[in-house]
Each structure stands twice: as C-alpha cells, then as structure tokens.
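1. would you be able to build a 3D model of this:
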Amino acid sequence: MQVAVIGGGNGSFAAAADITLRGHSVRFWRRDAVALEPTRTAGGIELKDFEGTKMVPLSMITDDLGAAVSGADLIVAPIPAFGQEELAKALAPHLSDGQVIYLPPGTFGSYVMMKAVRAAGSTADVAIAETGTLPWLCRKHGENLIAITTRATRLPTGVFPARHTDRALEIISAAFPGAIEPVEDALSGALMNAGPIIHPPLIVMNAGPIEHFDHWDIHNEGTQPTIRRVTTALDGERIAVRDALGYAAPHFPLADHYSADGDEWMYGALAHDKLTDSGDWREHLDLMTHRYMREDLALGLGFIVSVGRWIGTSTPVAAGLFAIGGAMVGEDFATTGRTLETLGLAGLSQSAMADLLREGI
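-> Below you'll find the predicted structure:
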C-alpha cells in the first residue's frame, strides 16, 4: 500500500518508520526543506524502540506535497489540530476519489479539513478518519532519531462521512493491523480524544512548577492524587456527553490508562509507567505556545464543552478548565477555540447533525 506521512513532529517520524516496518511504501513529506535534509541525506529515519536502534529506509522523502500524496491510498497526518485547516487547503488540489486521510488524533478535524477541502474547490470523494490518541508514545531524540516507548493496541476510530466507514477502516487497518476499533462516526471519534482530558488538568494545576523549573515532568511529579481526581471528574463529563448523544461503550475511560487492573486502554497495560520510566516527558513547556494549551485545551476541551452545551449535558469541570486556560494566556478561547459555535454547527438539530456525519459535505 502507498502511504503518505505528513509533518515533521514526533508522531510523523514514528508513523513513517513504523508503517514502513509493516511492509508499506511510505512517502514522507515535511514542509521545511532545511529541517528535512538530515532525513533526506540518511535516506530514512533512525528508530529506537525495545528491539534496539535501526535505520528504516523510506521510499520517498520530499518537500513536494503533490508528489507525496498523489495516488497514495492512505494519508497519515499526525499534526497539531491548529494546523489542519491549512494542511487541508494545501492538500485539496492533489486529492482523488477513494483516498483516506487519518488524523491521530483529530479533535473533530475530520469535519474541519473536509470543509476546507470543499471550500478550496476539491470534489474528490475522500474519507477523513480520526482516533483517540497518537498511535505511539514517542519523542524525537535528535534531528532524525525517533524513540518509541510503546505502541497503541486499541485505536477507536470514526470516519467522516460515516458512509465510507467500512472502506476507510479497511485501508487504515492495513497500516495499523489489529488496532483499529470502529466507532459510530467522526463525532464519536472526536469524543474519544484523550489529549483534552489528560493534559488540561496537568498544565493548569502544574502551572507554577512548569514556569518555575526549566524542565518538569507533568506525567510523573505532576500527576498527583488531587490532579488525578480532577482528571477523573473531567473524563466523567466526556463520557456523559457521549452517553447523551447515544454513543455506545466502550468509552475508553482514562482511569484504565493509569490502572493495572482495568480494561485494556489505548496503549495497553502499564503504559503510564512506561511513559514515566522513559524520562522523555521531562521537558520544557511554554504554556503560551505549547500544543497542550493551544490544541488540547483551546481546541479539544472547548469542543467537548460546546458539544455538552449543544446536547444539554453540563460540563462544569471542563468549562472551568477551559476558562482558566484562556485566562492563563490572556485570550478568549470561546471565540478563538474550536467549538460548535465557531464551526457554525451549534444551530443544527440532532437529526441534521446525524445527516451531516453520515453523508458529509
């Protein structure tokens, strides 16, 4: 299968290496030609995981987006949600019928990107899918070295439009064998996103040490019982929104990520221990610019709050963290974030929303 991997972050490097190792031909695109040069010179990406370190050759390494995606069966785009609209505009001239775009995770980016693709004039009958987390716990250890701590074993995935679910998931499953679990539609997939549940309590309630220390591990010292209780309450609100919309279990409660005894979560058993043991998340965080704030809180958490408001389900913990996050950076996320209101969807009835999710734009 021909797979295009988009972006230059941790997830994109992991995707390019891992999908290649699963037997597919990967075209790796990065916009920044200068930053791409170490990968181009090496002819591939250096991968470090539990098996050791090895070079993974790639079939194409390019800063030409058209060359990367034209004719690709699957386009994997693990980019920040705030970059999805711009990417969609750039992709639009190169898309063709039958292609599948995968956003891991998406933050309802499937709708955002499809709207932008259509606005740019593309009529290609594509599917855009999204899941609940990045399929790898990973961090770059250099310009061209990606370290993968663990791989996702369960990826709940929704497709926009839902009429393409079977075809899209067959293609995605070839790149992520045994991991893809279908959910009802893209909104259901968006409400599986773990980032807006994990990260907002950690950055808001750890704001002091994050700003004081040069490096701070929010997942180790920053994950204390008090913060965990807030996270559990926040996740309860997410699940209540899913219930109100009629979406079926499993809802992948975040408590299972931290527990050795619960159901297998997206990263399997003991993933949190592997994450903290690696030391890779002891890092410098700029609260004004980091994606935990700009993506998970401003976009992802705001989206959950707005869906709760639309369906009539109270989300006081989510709303409080959303408001505090905006105050922390001096911005009104209600007007600049991603909500049903800012997307122009808050006026839809439930039946009209269901039609949109099923049939697309």
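
2. so how far is the helix or strand of the chain with the lowest mean pLDDT off the chain centroid?
-> Taking mean pLDDT, DSSP states H and E as the measure, the helix or strand of the chain with the lowest value is helix 271-278, at a mean of 70. Relative to the centre of its chain, helix 271-278 is centred 19 Å away, using CA atoms, centre = their mean, to the nearest Å.

3. shaky segments in the stretch 1-150 of the chain?
-> Counting by pLDDT under 70, the stretch 1-150 of the chain shows no low-confidence range.

4. and the strands in it?
-> 2-6, 25-29, 44-49, 52-57, 60-62, 74-76, 100-103, 127-131, 136-140, 145-151 (DSSP state E, counting those that start in this stretch).

5. re the thing from before, tell me the buried residues in the least confident helix or strand of the chain?
-> A271, H272, L275, T276, S278 (16 or more other CB atoms under 10 Å). (Each C-beta comes from the backbone N, C-alpha and C, glycine too.)

6. same check on stretch 131-148?
-> When burial is assessed from 16+ other CB under 10 Å, stretch 131-148 yields the following buried residues: 131-140, 144-148.

7. picking that back up, and the buried residues of helix 271-278 as TSV, adding distance to V76?
-> Output for these, formatted as TSV (distance: CB to CB, whole Å):
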residue	distance to V76
A271	21
H272	25
L275	22
T276	27
S278	23
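
8. partner strands of the helix or strand just after the least confident helix or strand of the chain, with direction?
-> Beyond helix 271-278 on the C-terminal side, the first helix or strand identified by DSSP states H and E is strand 282-283. Here strand 282-283 is paired, per DSSP bridges, with strand 216-217 (antiparallel).

9. could you pull up the mean pLDDT of whatever helix or strand comes next after the partner strand?
-> Proceeding N to C from strand 216-217, the next assigned helix or strand is helix 225-244, under DSSP H and E. Averaging pLDDT along helix 225-244 yields 97.

10. show me what helix 225-244 is packed against.
-> helix 195-205, helix 255-258, helix 302-311, helix 316-329 (3 or more CB pairs under 8 Å, 6 or more residues apart in numbering; DSSP states H and E).

11. L65: which of those is closest?
-> helix 195-205 (25.6 Å; CB to CB).

12. give me the contacts around that closest one.
-> Helix 195-205 has contacts (CB atoms under 8 Å, 6 or more residues apart in numbering) with 105, 107, 133, 210, 218-219, 222-223, 226-227, 230-231, 234-235, 238, 254, 257, 285, 287, 290, 292-293, 295-297, 299-301, 303-304, 321-322, 324-325, 328.

13. cool, and stretch 324-340?
-> 81, 107-108, 112, 200, 203-204, 207, 287-288, 293, 297-303, 305-307, 309-310, 322-323, 341-342, 346.

14. and it, C-alpha only, in PDB?
-> What follows is stretch 324-340, C-alpha atoms only, in PDB (Å, rounded to 0.1, in the frame of the first residue of the first chain):
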ATOM      1  CA  ILE A 324      -8.900  29.300  33.300                       C
ATOM      2  CA  GLY A 325      -6.700  28.200  30.300                       C
ATOM      3  CA  GLY A 326      -7.800  31.200  28.400                       C
ATOM      4  CA  ALA A 327      -7.100  33.500  31.400                       C
ATOM      5  CA  MET A 328      -3.600  32.000  31.600                       C
ATOM      6  CA  VAL A 329      -2.700  33.100  28.100                       C
ATOM      7  CA  GLY A 330      -4.900  36.200  28.100                       C
ATOM      8  CA  GLU A 331      -7.200  35.000  25.300                       C
ATOM      9  CA  ASP A 332     -10.900  34.300  25.000                       C
ATOM     10  CA  PHE A 333     -10.900  30.700  23.800                       C
ATOM     11  CA  ALA A 334     -14.700  30.800  23.400                       C
ATOM     12  CA  THR A 335     -14.200  32.900  20.400                       C
ATOM     13  CA  THR A 336     -10.800  31.700  19.100                       C
ATOM     14  CA  GLY A 337     -11.000  28.000  20.000                       C
ATOM     15  CA  ARG A 338     -12.800  25.100  18.300                       C
ATOM     16  CA  THR A 339     -16.400  24.900  19.400                       C
ATOM     17  CA  LEU A 340     -19.600  24.000  17.600                       C
END
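
15. who's in contact with the nearest residue to W136 once chain neighbours are set aside?
-> Using CB to CB, 6 or more residues apart in numbering and skipping the chain neighbours, the partner closest in space to W136 is A14 (4.2 Å). Contact analysis of A14 by CB under 8 Å, 6+ apart lists P78, L134, P135, W136, C138, I146, I148.
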